[in-house]
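1. Provided below are the primary sequence and the corresponding predicted coordinates.
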Amino acid sequence: RLRDNAALQVFCREPNSEEPRSGINGHVIVKADIRGFAEVAVQMRRRNLDPAAHFSRFFYDPVTRLLDQFGAKKVAVEGDALTLVLLERAGEDAEYLAVARGCCVASRIIQLLDRMNVEQARIGLPKVELGLGVAYADQAPTYVHDHARKVTISPAIQRAGLLASCHTQLRDTCSFPADRGLCVAATVPDEAVEGGGSKALVRYNVNGIELDAAAFAQLNVEMSLRRLSRGGDRPATFYAGHCPDAGGETHDLVVRERLVKLWIGRRLVEAGDEGRRFYEVVSDPQLVERIHAKLLRGKPDDEGPVSPERQ
C-alpha cells in the first residue's frame, strides 16, 4: 500500500522490477456514463434471455480487449458506469500518449455500443446510450485500499464524470439527428440549475465524447496536430493527428472545437466568437476519414470551404 503512493523506501541489491509510483507523472481518466442497461436487462429476463451473456459478448468483453491494445486499466465497473485509467510514465523511453490513447479508447467504445444497438434492434430490445468524458491530471493518482481491493482517487474522475453527464432539461432543448451528439451550455445568472449556480456548465451528451481543457492541452504536447478551419453557415475547427497503440498500429484521431452556448430559460443562444470553447473527440469513422483525407492526404471532400494550417 505504501509502495502504491511512493511512500515506501526500498533498499535492495538487485534492480527492483516493480515500477514505483514516482515513475508516473500524469494520468488520464475515461469515464463512461451508461444509460439503459437496467431496462434492457429487465426486458431480457422477461423473455427468458440472459442479460449477463449479452452484455459480456457485445460490450464488456470487447472493452476488455481494448485495454491491452491502448494501455488502459479498469478503475471501476458498475451497472451504470465504467471508469478507465491510462498512466503517463516518466523516463527517457516513455511514450507520452496517454491522452491520445484515451481518446482512441473512448471512440472505440462508442463504436462497440453502435454494434450492440444493431443487435438489440434486431431482437426487439431498446437502445443503450453512453456519455463519455476524458480528463487529464498532471500527477499520479492516489491509491487507498478497501481490504484487498485497490481504490483509485483522482480529481480527474469527478471531472470526467461531469463531462460524461447529460442534463435532464437540456435533453428537451437540444436537437440532434437521432438524438445523438454533444452540446455544452453555460447557464445565465437567472437560470436555476440542479447542482450548479450561475454560469454553471451543463451538457447534452448522448454517445458523445468530451475532452477537458487540460487533456486537450496535453494532447497538443503528445501529438503533432494539424488544424482545419471550415467557414460557411456551419463554421467549425478540427484538429487531426495519428496515434499509435501499444502494438504499434496507427489510428486516426480527430478532435472538434466548439463554442459553449448560453442557456437562457429553455432556449440555447450562440455566445459569439469570444465565448468559451469545449472539445469533442469525433467518433464517426466517416467524418474522421473525411477530415484526414482533406488534411493529410490532400483529397477533396464536400464539407465546404476549408483552410488547413499547422497547429
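-> Right, received. Where do you want to start?

2. could you use CA atoms for every contact and neighbour count after this?
-> OK.

3. for Cys166, see how far away Val184 is.
-> Applying CA to CA, to the nearest Å, one obtains 10 Å for the distance of Val184 from Cys166.

4. typo on my end, it should be His292
-> Computed as CA to CA, the His292 to Cys166 distance reads 30 Å.

5. check Lys127 too.
-> Going from Lys127 to Cys166 by CA to CA gives 16 Å.

6. what do you get for Gly275?
-> Gly275 is 21 Å from Cys166, where distance means CA to CA.

7. what does Arg159 give?
-> To Cys166, Arg159 is 14 Å away according to CA to CA.

8. same question, Val254
-> Here the criterion is CA to CA. By it, Val254 lies 22 Å from Cys166.

9. higher neighbour count, the two?
-> Using other CA atoms under 10 Å, the more surrounded residue of Val254 and Cys166 is Val254, with 26 against 20.

10. does the more buried one belong to a helix, a strand or coil?
-> strand (DSSP: H, G, I helix; E, B strand; the rest coil).

11. check contacts around it.
-> Listed by CA atoms under 8 Å, 6 or more residues apart in numbering, the contact set of Val254 reads Phe238, Tyr239, Ala240, Gly241, Val281, Val282, Val288, Ile291.

12. where does pLDDT dip in the stretch 51-200 of the chain?
-> Applying pLDDT under 70 to the stretch 51-200 of the chain flags the ranges 92-94, 189-199.

13. if we go to 80?
-> 91-95, 147-148, 175, 177-179, 188-199 (pLDDT under 80).

14. in this protein, which helix has the most residues?
-> helix 98-122 (DSSP state H).

15. so after it, what's the next helix or strand?
-> Sequence-wise, the next helix or strand downstream of helix 98-122 (DSSP states H and E) is strand 129-137.

16. how big is the angle separating that following strand from helix 98-122?
-> Orientation of strand 129-137 against helix 98-122 (axes from the mean of the first three to the mean of the last three CA atoms, to 10 degrees) gives an angle of 170 degrees.

17. how far off centre is strand 129-137?
-> Offset of strand 129-137 from its chain centre (CA atoms, centre = their mean, to the nearest Å): 3 Å.

18. partners of that strand in the sheet?
-> Next to strand 129-137 in the sheet, as set by DSSP bridges, lie strand 24-35 (antiparallel), strand 208-211 (parallel).

19. put together JSON lines for those, with mean pLDDT and distance to Ile123 on each row.
-> Output for the strands paired with strand 129-137, formatted as JSON lines (pLDDT from 0 to 100; distance: least, CA to CA, whole Å):
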{"stretch": "strand 24-35", "mean pLDDT": "94", "distance to Ile123": "19"}
{"stretch": "strand 208-211", "mean pLDDT": "97", "distance to Ile123": "25"}
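
20. hey, which of the ones you listed is tucked in deepest?
-> The highest mean neighbour count among those, using mean count of other CA atoms under 10 Å, belongs to strand 208-211: a mean of 29.

21. for Ala38, what are its contacts?
-> Counting by CA under 8 Å, 6+ apart, Ala38 touches Gly79.

22. try it again with 10 Å
-> Met44, Pro51, Gly79, Asp80, Val128 (CA atoms under 10 Å, 6 or more residues apart in numbering).

23. any idea which element it lies in?
-> Ala38 is part of helix 37-46 when elements are defined by DSSP H and E.

24. off-centre distance for that helix?
-> Remark: helix 37-46 is offset 26 Å from the chain centroid, using CA atoms, centre = their mean.

25. can you offset everything so residue one is 77?
-> In the new count, where the first residue is 77, that last one comes out as helix 113-122.

26. whichever helix or strand comes after that helix packs against which elements?
-> Using DSSP H and E, the helix or strand that follows helix 113-122 in sequence is helix 127-131. The contact analysis (3 or more CA pairs under 10 Å, 6 or more residues apart in numbering; DSSP states H and E) places helix 127-131 against helix 113-122, helix 137-146, helix 174-198.
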